[in-house]
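> sequence and predicted structure are below.
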Amino acid sequence: VQLVESGGGLVQPGGSLSLSCTASGFTFRTYAMSWYRQAPGKERTLVAGISSGGTITYYVDSVKGRFTISRDDAKNAIYLQMNSLKPDDTAVYYCAKGSGAINWSRSGNWGQGTQVTVSS
């Protein structure tokens, strides 16, 4: 399993960023996928998940209405559109392969992550 995240950067509060993750080494379309984040000094936590086929999504309460997870099975990729960003969203963001078609609990290794910094 190989996961490569990209798209992070520095953005002002209220701004937007779009993260991408490309995957290889497994049958991508058959697995749920997810985004996690880890802020400095804190544990890595689940942010959003998407089922195989994209029919079911999950968001942690703190990002509901601001973040959108999506997937493109033709490109073996998932995305995280982040709007109305807040300083509390500052973290390293990681994508993860799920444990099954509708189970986005992480299975396998992490990618290198992409840094998102929200600051004025």
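Looks like it arrived, so ask away.
> from now on I want contacts and neighbour counts done on CA atoms only, so please keep to that.
OK.
> for the record, mean pLDDT for stretch 48-63?
Confidence over stretch 48-63 (mean pLDDT, whole number) is 97.
> and the contacts of it?
For stretch 48-63, contacts defined as CA atoms under 8 Å, 6 or more residues apart in numbering pick out 29-36, 46-47, 67, 69-71, 101-104.
> then stretch 72-82?
Stretch 72-82 is contacted from outside by 16-24, 28-29, 33, 35, 66-71, using CA under 8 Å, 6+ apart.
> now it: how far from the chain's centre is it?
Centroid separation between stretch 72-82 and its chain, computed with CA atoms, centre = their mean, to the nearest Å, is 9 Å.
> and if you look at stretch 13-24?
Worked out by CA atoms, centre = their mean, stretch 13-24 lies 7 Å from the chain centre.
> before we move on, the earlier item: give the buried subset of the contacts of stretch 72-82 as a PyMOL selection command.
Filtering those down to the buried ones (16 or more other CA atoms under 10 Å) takes a single PyMOL command:
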select buried, resi 16+17+18+19+20+21+22+23+28+29+33+35+67+68+69+70+71
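> once you drop chain neighbours, what's closest to R106?
For R106, ignoring the flanking residues on the chain, the nearest one in space by CA to CA, 6 or more residues apart in numbering is G98 at 4.8 Å.
> that neighbour and G41: what is the separation?
Between G98 and G41 the computed distance is 25 Å (CA to CA, to the nearest Å).
> can I get stretch 93-107 in PDB, CA atoms only?
The C-alpha coordinates for stretch 93-107 follow below in PDB (Å, rounded to 0.1, in the frame of the first residue of the first chain):
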ATOM      1  CA  TYR A  93      -3.300  15.700   7.200                       C
ATOM      2  CA  TYR A  94      -3.000  12.000   6.200                       C
ATOM      3  CA  CYS A  95      -5.100   9.800   4.000                       C
ATOM      4  CA  ALA A  96      -5.700   6.200   5.000                       C
ATOM      5  CA  LYS A  97      -7.000   3.000   3.400                       C
ATOM      6  CA  GLY A  98     -10.000   1.500   5.200                       C
ATOM      7  CA  SER A  99     -10.600  -2.000   6.400                       C
ATOM      8  CA  GLY A 100     -13.400  -2.800   4.100                       C
ATOM      9  CA  ALA A 101     -16.000  -1.400   1.700                       C
ATOM     10  CA  ILE A 102     -17.800   0.600   4.400                       C
ATOM     11  CA  ASN A 103     -15.300   0.500   7.200                       C
ATOM     12  CA  TRP A 104     -12.900   3.500   7.100                       C
ATOM     13  CA  SER A 105     -11.000   2.400  10.200                       C
ATOM     14  CA  ARG A 106      -7.400   2.500   9.000                       C
ATOM     15  CA  SER A 107      -5.700  -0.500   7.700                       C
END
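> I'm done for today, thanks for sticking with me.
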